[in-house]
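Asks: predicted model and sequence below, questions to follow.
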Amino acid sequence: MNRVCIVGAGTIGSLLAVHLGRVSETWVLTRRADHARRLNEDGLTVRGKSSFHAQVHATADPVELPEFELGIVACKATELETVATRLEGVAPEAVMMTIQNGLGAEEVVARHGEWPLISAVTFMSGRRHGDVEVEYELDTATWLGPWAGTGTPLDAVRATADLLVAAGLRAEWMADLLPAQWSKLIFNSAVNGVASLTELPHVQMFAEEDEPTALGHVVRALIDEGKAVAAAAGVELYEDPWEMNCLAVARGETAASAYAHVPSMLHDVLMRQPTEVDFIAGAVVREAQKHGVSVPITATVHRLIKAKEASWALARERPEVVGA
Amino acid sequence: MRVAVVGCGAVGSLFAAHLAQVDGVEVHAYDVSQAHVDAINQDGLRLVGEAELTARVRATTDPAQLPLCDFGVVATKSMFTGAALEACAHAFREGGAVASVQNGVGNEEVIAEHAERVIRGTTFPAGRVLEPGVVQMDTRGDTWLGPFEPRPASMSQVQRLAEAMTAGGMPAKALEDARGAQWTKLIFNAATNPVGALTQLTHGRVCELEGTRALVTALVDEGKAVADAQGIELDSDPDELVDHAARVAYEHRASMLQDVLAGRPTEIEAMNGGIVRFGLEYGVPTPLNAAIAALIRGLEHSWSQR
């Protein structure tokens, strides 16, 4: 693939852009014009698990984008509707890939264009240091598969995976991504949900089940509810989310809480910005309703996070009524 | 009649100051705050707000200084009950009756490990310490007392203490079975306090949002089932108390939200944790209360990570 476009230059978008910038002509569509200007002037620098600099082309105006073969929509799920609207009519021959957390991103993009879609879930993580520098923290894989809704050819999926690997990222393609997508959905619903309410990074406590009110019980209850929904939806999970949880807290990076992973939703909570909870726990609740499964703990976590988000708006309007 | 107030924070101070108004009642107080104790001993214990009075109370930070007492009134935060009673038990060794006026359930069980005669108690008055020696009384309300069944004080002891509180200006009722009052307040608190603490919303806002209001009812229902299994008849429907409180205390920050904002340990284990433990004992599932308790415990843990 000769030309790619990364839509959104947050953490995941920046990590994709800097790596792909080494192997392809890489364009970045940003929200802010000054962000695009800095990327054009300075390129992008990655450090951590990768360490190099790459040139990219950037614009905040979709009309300025040239035709490209692969687009990767890497904005937050909460911004997807706005971003997909801006993409209408752009690169009609391209294949588009979504990489958001949770479920439902493909449907949103599909409402705004005819592109064949690739579904992806990513386990890589990092953090941005300003507009032109990004740190690559967890160099775990991204999984890709054709989205059933558009009958995307497997060749396009395979070529995309090959491109990511050539760029220095870890990627695997699968004929059916749903098992992996749901494994991560259920893992995120539990871990991101609990992290957002306790304001804890992903620490050992998430796997502790010693006392009746130990935190691990909530994580397990959320995961068990998610598994029941997956079973009712006919999805066989790729990995067991509870084992993913135990493995993650036992890993070197997270065993010591000082280095524990801050899930993206906790990051949003700490920044007092809207979270992706409607696409994660909210998606589990919607799927549960569709399939007649009861998910009281997931619904509770979803409600509490929505209420917590509501408190920030209130605190800005009337600081005297809440604690902020 | 000699009374020792164990834990002389806001609620303990309300009881100490009112009891000291009664002729023939001598009030001692044990507290860990040296500044509060010194101020009480120097200038008296002063209440402002809903009560305006100054009381002579003998305060100490050294439990060994407590004389033999006829009654104890325990008002520590629930997690300090064991340590406080271990230190003060000698004051009640000659048949003194010890009453809990604390939040939650399970406090009497801990007191009973250190005292022979125990009174189950529930109280609604609330306040806050303004400065050492000065306590603001925010709300008045009733107190219910009854013998703690496994190690009971006599009914006449319960009546004497209730009469002294009432005479001092804090209305108290002596009941054969005080569990109904205790569980009504427990279920109300456990369904509302942690929801406010997790979302940082005041009580009125929690009730306005459809999602959190539904959650409150679901938590109340689990608590009612646990009370039912124990044969406890509630004083009133906690779910109606929730709506009542939304009208009269819309902007109230529940004590647990205050604790969370200040980064202090909460009383979650005596509230939702208590419902979970009694649920386990009586075979009633309480998954939502367990989840809420675990989330608050996690939140408490997050403060040590900063």
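Replies: Okay, I see it. Numbering: from 1, shown residues only, chains lettered A, B, ... in the order given.

Asks: let me see the contact set for residue 35.
Replies: All of this refers to chain A. Residues in contact with residue A:35 (C-beta atoms under 8 Å, 6 or more residues apart in numbering or on different chains) are A:9, A:58, A:60, A:131. (Each C-beta comes from the backbone N, C-alpha and C, glycine too.)

Asks: not quite, go with chain B.
Replies: Counting by C-beta under 8 Å, 6+ apart, residue B:35 has contacts residue B:132.

Asks: what number of residues lie near the residue in the stretch 101-250 of chain A that chain B sits nearest to?
Replies: Here the stretch 101-250 of chain A gets closest to chain B at one residue, residue A:198, 3.1 Å apart by C-beta to the nearest C-beta. Counted by other C-beta atoms under 10 Å in any protein chain shown, the residues lying close to residue A:198 total 26.

Asks: that one contacts residue B:302, correct?
Replies: Yes: contact criterion C-beta atoms under 8 Å: residue A:198 and residue B:302 qualify, at 5.6 Å.

Asks: just the contacts of residue A:35 now: which is nearest residue A:161?
Replies: residue A:9 (22.0 Å; C-beta to C-beta).

Asks: tally up the residues packed near the closest one, please.
Replies: Around residue A:9 there are 30 residues (other C-beta under 10 Å).

Asks: tell me the contacts of the residue of the stretch 201-324 of chain A found nearest chain B?
Replies: The stretch 201-324 of chain A approaches chain B most closely through residue A:303 (3.4 Å), counting by C-beta to the nearest C-beta. Residue A:303 sits next to B:209, B:211, B:212, B:214, B:215 when contact means C-beta under 8 Å, 6+ apart.

Asks: take those and keep only those in strands.
Replies: The strands, defined by DSSP state E, take in nothing from these.

Asks: may I ask which helix or strand encompasses the residue of the stretch 201-324 of chain A closest to chain B?
Replies: Element membership of residue A:303, judged by DSSP states H and E, is helix A:296-317.

Asks: now do the buried residues in that helix.
Replies: Going by neighbour count (16 or more other C-beta atoms under 10 Å in any protein chain shown), the buried part of helix A:296-317 is A:297-312, A:314-315.

Asks: now do stretch A:244-254
Replies: A:244, A:245, A:246, A:248, A:249, A:254.

Asks: again with stretch A:119-135
Replies: A:119-126, A:128, A:131-135.

Asks: and the contacts of residue A:303, which are buried?
Replies: Those of these that meet the buried threshold are B:209, B:211, B:212, B:215, by 16+ other C-beta under 10 Å.

Asks: ok, and which of those reach chain A?
Replies: Among the buried ones among the contacts of residue A:303, the ones lying near chain A by C-beta under 8 Å from any C-beta of the partner chain are B:209, B:211, B:212, B:215.

Asks: the last one and residue B:195 touch, don't they?
Replies: Yes: under the criterion of C-beta under 8 Å, residue B:215 makes contact with residue B:195 at 6.1 Å.

Asks: next up, the contacts around residue A:7.
Replies: Contacts of residue A:7 were listed using C-beta under 8 Å, 6+ apart, and they are A:13, A:29, A:71, A:72, A:73, A:74, A:75, A:83, A:87.

Asks: with adjacent residues omitted, what lies nearest to residue A:192?
Replies: Residue nearest to residue A:192 in three dimensions, not counting chain neighbours: residue A:265, with 3.9 Å by C-beta to C-beta, 6 or more residues apart in numbering or on different chains.

Asks: what's the answer for residue A:133, then?
Replies: Residue A:133 sits nearest to residue A:45 (C-beta to C-beta, 6+ apart), 4.8 Å away.

Asks: likewise residue A:222?
Replies: The nearest residue in space to residue A:222 (C-beta to C-beta, 6+ apart) is residue A:190, at 3.7 Å.

Asks: just checking, the one you found touches residue A:245?
Replies: Yes: because the distance of 6.9 Å satisfies C-beta under 8 Å, residue A:190 is recorded as touching residue A:245.

Asks: hey, what's in contact with both of the two?
Replies: In contact with both residue A:190 and residue A:245: A:219, A:223, using C-beta under 8 Å, 6+ apart.

Asks: coming back round to it: can you redo the ones next to chain A among the buried ones among the contacts of residue A:303 as CSV with distance to residue B:171 and pLDDT?
Replies: Converted to CSV, these look like this (distance: C-beta to C-beta, whole Å; pLDDT from 0 to 100):
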residue, distance to residue B:171, pLDDT
B:209, 35, 95
B:211, 38, 95
B:212, 33, 96
B:215, 33, 98
